[in-house]
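Asker: Pasted the sequence and its predicted model underneath.
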Amino acid sequence: MLEIRNLTKSFGANIAVDAVSVAVAKPMMIGIIGRSGAGKSTLLRMMNRLTDASSGEILFEGRDVTRLKGAEKRGWQAQCAMIFQQFNLVPRMDVVSNVLHGTLNRRSTLATMFSLFPEADIHRAIDILDRLGIAEHAPKRAEALSGGQQQRVAIARALMQDPKIILADEPIASLDPMNAQVVMQSLRRIHEEDGRTVIANLHTLDTARRYCDRVIGMLHGRVVFDGTPEQLTTGTARDIYGADDSFSEAATSTEIETLDAAAARERAAVGV
Ligand SMILES: Nc1ncnc2c1ncn2[C@@H]1O[C@H](COP(=O)(O)OP(=O)(O)OP(=O)(O)O)[C@@H](O)[C@H]1O
Ligand SMILES: [Mg+2]
């Protein structure tokens, strides 16, 4: 389905992504981990064509998308919708209009200027918000929502494009543990129920282990690990993070596990 071959990006003398090859044969949820500057964002940005590759290919269903231009490039960008750490919503605009912006690339300039959205699209936007558990917030301004709710609006906007792939660059890095969990569960559901591939850059090991079928570890622009969460041992993780013997998993972990433990204790206390 998706095959990245020898993908490279240089910024002057600095090679941000160095001959990365990754094949995705069927829809899956992939987590990309690695220390700051490893090239994770650059890799996702090249896939979405926000940045042009220096060399290499990205084949999607047999076609090299790194060479697409104009409408074809926009068509590809709709098929691999991207979400970001900072949500990138229009803060003062209502939630449903933010979601409808996910359809902009297939509407006329005039319709866009006057915010004329087809009724069918409005219904679909509300259905998607409902699925993500935030339909009640549809009329509110985006800025009035919590971070976790805003990220779900961003996911809804991505889903409006009916993408085959969702690229997420540190989707939970700005969220508290509770919201992080809700957002990761939403992404997981979208993968499982819709059969979409999700590729997420994650800054913590435990999140990648817990939600992803496959983990890719990057170091200095290269893929140094590609396997299942089970294959990702503490030793391998140490190699990926390039840490010395003082490396501990706790240093790269969120509080999601802690939160779960607390919830389990609570359930035990009330005898459920
Ligand atoms: N627009 C740019 N111009 C010049 N250098 C860049 C640019 N974008 C990224 N780089 C460099 O490319 C390398 C990889 O950066 P990238 O942002 O992909 O890393 P990352 O793994 O996403 O890191 P982080 O975890 O901090 O987000 C870094 O050395 C960075 O300084
Ligand atoms: Mg990054």
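Answerer: Arrived safely, thanks for sending. Ligands and ions are numbered 1, 2, ... in the order given.
Asker: Give me the neighbour count for residue 225.
Answerer: 18 (other Cβ atoms under 10 Å). For every residue, glycine as well, the C-beta is placed using N, CA and C.
Asker: Check the one 4 residues further on too.
Answerer: Taking other Cβ under 10 Å as the criterion, the count of residues near residue 229 is 16.
Asker: any idea whether the residue nearest to the spatial centre of the chain is helix, strand or coil?
Answerer: Nearest residue to the geometric centre of the chain (Cα atoms, centre = their mean): residue 168, 1.5 Å. Put simply, residue 168 is strand when judged by DSSP: H, G, I helix; E, B strand; the rest coil.
Asker: for residue 31, same thing?
Answerer: Residue 31 is classified as strand under three-state DSSP.
Asker: who does the residue lying closest to residue 34 once chain neighbours are set aside bridge with?
Answerer: Spatial nearest neighbour of residue 34, excluding adjacent residues (Cβ to Cβ, 6 or more residues apart in numbering): residue 218 at 3.7 Å. Counting by DSSP bridges, residue 218 is bridged to residue 223.
Asker: Quick check: residue 218 vs residue 158, distance?
Answerer: 23 Å (Cβ to Cβ, to the nearest Å).
Asker: likewise residue 121?
Answerer: From residue 121 across to residue 158, the span is 15 Å (Cβ to Cβ).
Asker: what about these two, which has more around it?
Answerer: Comparing residue 121 with residue 158 by other Cβ under 10 Å, the one with more neighbours is residue 158, at 25 against 17.
Asker: check contacts around that one.
Answerer: 81, 82, 83, 102, 166 (Cβ atoms under 8 Å, 6 or more residues apart in numbering).
Asker: My read is that the last one contacts residue 83, right?
Answerer: What it means is residue 166. Yes: with contact defined as Cβ atoms under 8 Å, residue 166 counts as touching residue 83 (6.8 Å).
Asker: Common neighbours of these two, please.
Answerer: Contacts common to residue 166 and residue 83, judged by Cβ under 8 Å, 6+ apart, are 155, 158.
Asker: Helices of the stretch 51-200 of the chain, start to end?
Answerer: In the stretch 51-200 of the chain, the segments counted as helices under DSSP state H, counting those that start in this stretch are 70-79, 95-100, 109-113, 119-131, 147-160, 177-194.
Asker: Of the ones you listed, which is nearest residue 27?
Answerer: Ranking the helices of the stretch 51-200 of the chain by proximity to residue 27 (Cβ to Cβ) places helix 177-194 first, at 6.7 Å.
Asker: So what touches the closest one?
Answerer: 27-29, 132-133, 146-149, 151-152, 155, 159, 166, 168, 171-172, 175, 196-198, 200, 207, 210-211, 254-256, 258-259.
Asker: Filter the residues you listed down to the buried ones, PyMOL style.
Answerer: In PyMOL, a selection of the buried entries from the contacts of helix 177-194 looks like this (16 or more other Cβ atoms under 10 Å):
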select buried, resi 27+28+29+132+147+148+149+151+152+155+159+166+168+171+172+175+196+197+198+200+207+210+211+254+255+256
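Asker: Check what pLDDT residue 198 gets.
Answerer: Note for residue 198: predicted pLDDT of 98.
Asker: Give me the number of neighbouring residues for the closest residue to ligand 2 within the stretch 1-150 of the chain.
Answerer: The nearest approach of the stretch 1-150 of the chain to ligand 2 comes at residue 41, 3.1 Å away (Cβ to the ion). Residue 41 sits with 20 neighbouring residues when counted by other Cβ under 10 Å.
Asker: now do residue 227
Answerer: Neighbour tally, residue 227, other Cβ under 10 Å: 13.
Asker: and it, how far is that from ligand 2?
Answerer: 22 Å (Cβ to the ion, to the nearest Å).
Asker: Which pLDDT value belongs to the residue lying closest to that residue once chain neighbours are set aside?
Answerer: In space, residue 227 comes closest to residue 215 once its chain neighbours are excluded; the distance is 6.6 Å by Cβ to Cβ, 6+ apart. pLDDT for residue 215: 97.
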